[in-house]
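[1] Test case, fold it:
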Amino acid sequence: MAMRFCILGSGSAGNAAFLQTEGARVLIDAGFSARRLGALLGGVGESLERIDAIFLTHEHGDHAAALDGLKKHPHIRVFANAATARAVQAGLKHRPDWQIFETGAVFRFRDLEIRSFSVPHDAHEPVGYRFTAGTEGDLFAPRRSLAWVTDLGYAPPHVHEHLRAADVVVIESNYSTELLQADPKRPWSLKQRISGRHGHLSNQHARELIEAAASPQWRHVFLAHLSRDCNSVAAVEAACAAALADRRCAYSIVAPGAGTPVHDF
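    Residues are numbered from 1 along each chain as shown. Model (predicted):
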């Protein structure tokens, strides 16, 4: 086993994923209450007591809400850049075990190599990640890489490069342009923010990113962070399925509020 991976929950109500290697169990984001996050982990046979670290992409509540309830789990290290850590810490009554990195840095945690990179989103200093584990040429623990790219208004060239270098990729497909424009609950200003250069990727943007960054190395593509009101699995399928079929790799579309089974890579 080089990697075990699942998305615990995805969407505007909360986001978190679980990644396991031979030497580490980590979360990518923690956007649920600590109690809810513990229940989601329990559903895949894990627990907060067994989690070694959390890697935060940015400070928004749907990605960092659990930090407020993790006082009972001081062993969990929390990785973030300084701007994200400051923004999250301002709302906490306790101080997590912050592990601060500079955006763009390459660093290690146990048997994981982590590459952080900037993404354009309306947060203090949002990032994506590429996690790599395993040993090149080892048949029993093959080298595997996972790229996490959500919450971005567009994908600059360096984002394409990180996606191309990964075996498993998580890409945002947040909204259908038609459903967003027709949504009666969101004011025009919010629609402009969502669809702007520091907002989110639409289904069309996700398809274009898949086509531009596709790699024969890809083993599985996860399309995630779907809006509950302004998107649907069917809309993402209609926009992206043909592009993914051309790449001949497995893919999953994560329904709003849902997660995925555990996958071994």
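[2] For residue 82, which residues are in contact?
    Residues near residue 82 by C-beta atoms under 8 Å, 6 or more residues apart in numbering: 100, 102, 125. C-beta coordinates here come from the backbone N, C-alpha and C atoms, glycine included.
[3] cool, residue 20 as well?
    1, 3-5, 26, 46 are the contacts of residue 20 under C-beta under 8 Å, 6+ apart.
[4] ok, now how distant is it from residue 5?
    Distance, residue 20 to residue 5, by C-beta to C-beta, to the nearest Å: 7 Å.
[5] which residues of this protein fall in strands?
    Assigned by DSSP state E, the strands in the chain fall at 4-9, 16-20, 25-30, 53-55, 77-81, 97-101, 106-109, 112-118, 127-133, 144-149, 168-172, 220-224, 250-253, 263-264.
[6] give me the low-pLDDT residue ranges for the stretch 51-200 of the chain?
    Along the stretch 51-200 of the chain, the parts satisfying pLDDT under 70 run over 137-141.
[7] Just the residues contacting stretch 241-255, thanks.
    Counting by C-beta under 8 Å, 6+ apart, residues outside stretch 241-255 touching it are 7, 10-11, 173, 207, 210-211, 214, 218-226, 233, 236-237, 240, 260.
[8] Relative to the whole chain's centre, how far out is that stretch?
    Distance of stretch 241-255 from the chain centroid (C-alpha atoms, centre = their mean, to the nearest Å) equals 17 Å.
[9] Could you list the buried residues of that stretch?
    243-244, 249, 251-255 (16 or more other C-beta atoms under 10 Å).
[10] residues near the nearest residue to residue 146 once chain neighbours are set aside, how many?
    Distances taken as C-beta to C-beta, 6 or more residues apart in numbering place residue 168 nearest to residue 146, at 4.4 Å, with adjacent residues excluded. Residue 168: 23 surrounding residues under other C-beta atoms under 10 Å.
[11] is it true that residue 168 touches residue 133?
    No - counting by C-beta atoms under 8 Å, residue 168 sits too far from residue 133 to count as a contact (11.1 Å).
[12] shared neighbours, the two?
    Common neighbours of residue 168 and residue 133 (C-beta under 8 Å, 6+ apart) are 3, 144-145.
[13] Let's see if you can find the most crowded of these.
    Ranked by neighbour count (other C-beta under 10 Å), those have residue 3 at the top, with 24 neighbours.
[14] wouldn't that one be in contact with residue 144 here?
    Yes - between residue 3 and residue 144 a contact is recorded at 4.7 Å, counting by C-beta under 8 Å.
[15] what's the overlap in contacts for those two?
    Listed as contacting both residue 3 and residue 144 by C-beta under 8 Å, 6+ apart are 133-134, 168, 265.
[16] Now distance to residue 185 too, for those residues, in CSV please.
    Output for the shared contacts of residue 3 and residue 144, formatted as CSV (distance: C-beta to C-beta, whole Å):
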residue, distance to residue 185
133, 42
134, 45
168, 34
265, 38
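[17] Could you single out the nearest of those to residue 58?
    residue 168 (21.2 Å; C-beta to C-beta).
[18] What's the separation between the closest one and residue 204?
    To residue 204, residue 168 is 23 Å away according to C-beta to C-beta.
[19] check contacts around residue 147.
    Contact partners of residue 147, counting by C-beta under 8 Å, 6+ apart, are 128-130, 162-163, 165-166, 168-170.
[20] Mind listing the residues bridging to it?
    Beta-bridge partners for residue 147, by DSSP bridges, are residue 130, residue 169.
[21] Would you enumerate the residues in contact with the residue nearest in space to the middle of the chain?
    Closest residue to the average C-alpha location of the chain: residue 148 at 4.5 Å, with C-alpha atoms, centre = their mean. Shown in contact with residue 148 (C-beta under 8 Å, 6+ apart): 17, 28, 57, 128-131, 170.
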